[in-house]
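> I'll drop the sequence and a predicted model, then ask my questions.
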Amino acid sequence: MVLHHLFYQLLLFVLLWLFILLHLTWSRPGAPPPPAPAPPIKPPRQRSPAPKAFEGLTHKPHCAWCEQEIGEAPPAPPRRPEPMPPTNRRPRTVDTSKFHRIPTK
């Protein structure tokens, strides 16, 4: 029991010491305030709120053949290969015929 009381008193002392040190380092009455951040050299770029058109959709095809090429769908991806057949397992190396079964209750 005595060790618990000693531990808690020591912990309380360390926490109080920590708060006192933090208070002394952060609240200096004569310290000047930190300098204000410098203004940025360039103002931030103003972006247009209007969405840009997608470049691929803005060009009209030159001829009838080009129109047909654009309308075609891309080829389908290749089929996945069939799964591999299961491999034969490695044969046992321990002779289990002499093991005795333990009766359960």
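Received the coordinates, thanks.
> Helices of the protein, residue ranges please.
Ranges of helices in the chain, per DSSP state H, are 2-26, 55-58, 64-71.
> Select from these the stretch with the lowest mean pLDDT.
When those are ranked by mean pLDDT, helix 55-58 comes last with a mean of 59.
> Of all the helices of the chain, which one is nearest residue 37?
helix 2-26 (20.1 Å; Cβ to Cβ). Every C-beta, even on glycine, is put in place using the N, C-alpha and C of the backbone.
> list the helices and strands that closest one packs on?
Secondary-structure packing of helix 2-26 (3 or more Cβ pairs under 8 Å, 6 or more residues apart in numbering; DSSP states H and E): no helix or strand packs against it.
> so can I have CSV of the helices of the chain showing distance to residue 82?
What follows is the helices of the chain, written out as CSV (distance: least, Cβ to Cβ, whole Å):
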stretch, distance to residue 82
helix 2-26, 67
helix 55-58, 37
helix 64-71, 34
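> Please identify which of those is closest to residue 86.
Among the helices of the chain, the nearest to residue 86 by Cβ to Cβ is helix 64-71 (45.7 Å).
> Now do the same for residue 46: its pLDDT.
On the pLDDT scale, residue 46 gets 83.
> what separates it from residue 38, distance-wise?
Residue 46 sits 21 Å away from residue 38, going by Cβ to Cβ, to the nearest Å.
> coming back round to it: of the helices of the chain, which is nearest residue 78?
Closest of the helices of the chain to residue 78 is helix 64-71, at 22.0 Å (criterion: Cβ to Cβ).
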